[in-house]
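In: Sequence and predicted model, in that order:
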Amino acid sequence: MKNREMSGKKWFISIIVLLLCIMGLFSGTVFYVDPFFHYRAPNKNFFYTLFDQRSQNDGITRNFDYDAIITGTSMAENFKSSQFDYRFVTKSIKVTYSGATYKEINDNLKVSYKSGHSPEYILRPLDYSLMLRDKDELRTDMGEYPDWLTNSNPFDDVKYLLNRDVIINYCLPALLSYFNGPEPGYTSFDEYSYTGDTSSYGKEYVLQGKEKFTAAESFEEVTEEDYEMLCGNFEQNVVSLAKEHPETTFLYYFPPYSMAYWGTQLEEGSIYKTLELKKKAIEMMLECDNIHIYSFSMDTEITGNLDLYRDVAHYDPSVNEMIIEKIADSELISQDNEIRITYDNYEQYLEKEKSLLLGFDYNILLQ
């Protein structure tokens, strides 16, 4: 009887030891390969495919070598780091977050400074559609937010080290690359998050059968609650970081949403409200000399050409190239141009912008 009991205990202990060994093997593999760069820069023996923004961006920002950052929502996904680096003589990373709120983007930027980096430039779009959001809002509707990667709790790392998806879909391809794959390295920041090859552009995708633009009979006004929300969002997630880091030039731009977007705003009665909120946001950013503000809403050669868009807001990669070129020309050649907004010209700029957007014949877009 005792022998049976001893055999049962040995069997139980053997199973526990085996399970611990398997767990140790898996967690050790994840730790060594580290496909999310949670602990260190990329292992020089492997090739890493970059494709998971919310899982990999934190590690990229924390552990890669760089002196400039391209970030933002899908408005920034089709930028090419190589073009930015050529114009600004930098070594940049591109860490974009599709659909992200201002907070998520700003939280990642703070990681850069906390990890010992001091970027010379940060290029970032300021989406109109995300201005009026709570300062602490995150896009939880896009899946679980991986706070186990971004927080400072080491016990949360078990969600990374013993993650079946990480082992199969990230570690295994990296390990196989050692034996039969591309040269060690990682997806270039020109290719990472790039959607130009997988999207369709054209007027038909933007208008979707629309037959006429009709102005609303009444228009929304900005409330005190709106101002409070906007100010909270911009102060926490846009302005404060610039105040803390005067060594960095923040290249912030309002992206060139198409004229169809503004036509829709006119129809919905929200165009005055959007423009008034933009004015307040600009006034807040102008308090920081190291925030350089750009706006492309009056460049109708782009915004009026719906063949450059896949919907009312998202433009094709040629527009991303144009944005870098125009900002670089302004920064490096001459600051006197029509897209740079300064304390001296912002009121005049906003009046011209309002006149254009309210007086534009949006129905010509349908022809």
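Out: Looks like it arrived, so ask away.
In: what distance separates stretch 289-304 from the middle of the whole chain?
Out: Centroid displacement of stretch 289-304 relative to its chain, using C-alpha atoms, centre = their mean, to the nearest Å, is 18 Å.
In: Span of it from start to end?
Out: Terminal residues of stretch 289-304 are spaced 32 Å apart (C-alpha to C-alpha, to the nearest Å).
In: Can you list the buried residues in it?
Out: Neighbour-count burial for stretch 289-304 flags 291-299, 302-303 (criterion: 16 or more other C-beta atoms under 10 Å). In short, each C-beta sits where N, CA and C put it, glycine included.
In: Let me know the average pLDDT across that stretch.
Out: Across stretch 289-304, pLDDT averages out at 96.
In: Quick one: the buried residues of stretch 289-304 as CSV, columns for distance to E221 and secondary structure too.
Out: Shown next, in CSV, are these (distance: C-beta to C-beta, whole Å; DSSP: H, G, I helix; E, B strand; the rest coil):
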residue, distance to E221, secondary structure
I291, 27, strand
H292, 30, strand
I293, 24, strand
Y294, 27, strand
S295, 23, strand
F296, 26, coil
S297, 21, coil
M298, 24, coil
D299, 28, coil
I302, 30, helix
T303, 25, helix
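In: Relative to S218, which of those is nearest.
Out: S297 (23.3 Å; C-beta to C-beta).
In: and the closest residue to the closest one other than its chain neighbours, how many neighbours?
Out: With C-beta to C-beta, 6 or more residues apart in numbering as the criterion, S297 has its nearest non-adjacent residue at 5.8 Å, and that residue is E353. By the criterion of other C-beta atoms under 10 Å, E353 has 19 neighbours.
In: Over to the one 4 residues further on?
Out: Residue neighbour count, defined by other C-beta under 10 Å, stands at 22 for L357.
In: Contacts for stretch 339-354, please.
Out: For stretch 339-354, contacts defined as C-beta atoms under 8 Å, 6 or more residues apart in numbering pick out 253, 275, 278-279, 282-283, 286, 292-299, 326-327, 330, 335.
In: For it, give the mean pLDDT please.
Out: 96.
In: before we move on, what about stretch 64-82?
Out: Taken as a whole, stretch 64-82 has a mean pLDDT of 98.
In: go on, stretch 224-235?
Out: Rounded mean pLDDT across stretch 224-235 is 98.
In: What residues sit buried inside that stretch?
Out: 226, 229-231, 233-234.
In: and the residues you listed as TSV, adding distance to D58?
Out: Formatted as TSV, the buried residues of stretch 224-235 follow (distance: C-beta to C-beta, whole Å):
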residue	distance to D58
D226	32
M229	27
L230	27
C231	28
N233	21
F234	23
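In: farthest pair in these?
Out: Greatest spatial distance in these: D226 and F234, 12.4 Å, computed using C-beta to C-beta.
In: got a list of what V319 touches?
Out: Contacts of V319 (C-beta under 8 Å, 6+ apart): 256, 302, 308.
In: Give me the pLDDT value at it.
Out: Looking at V319, the pLDDT reads 98.
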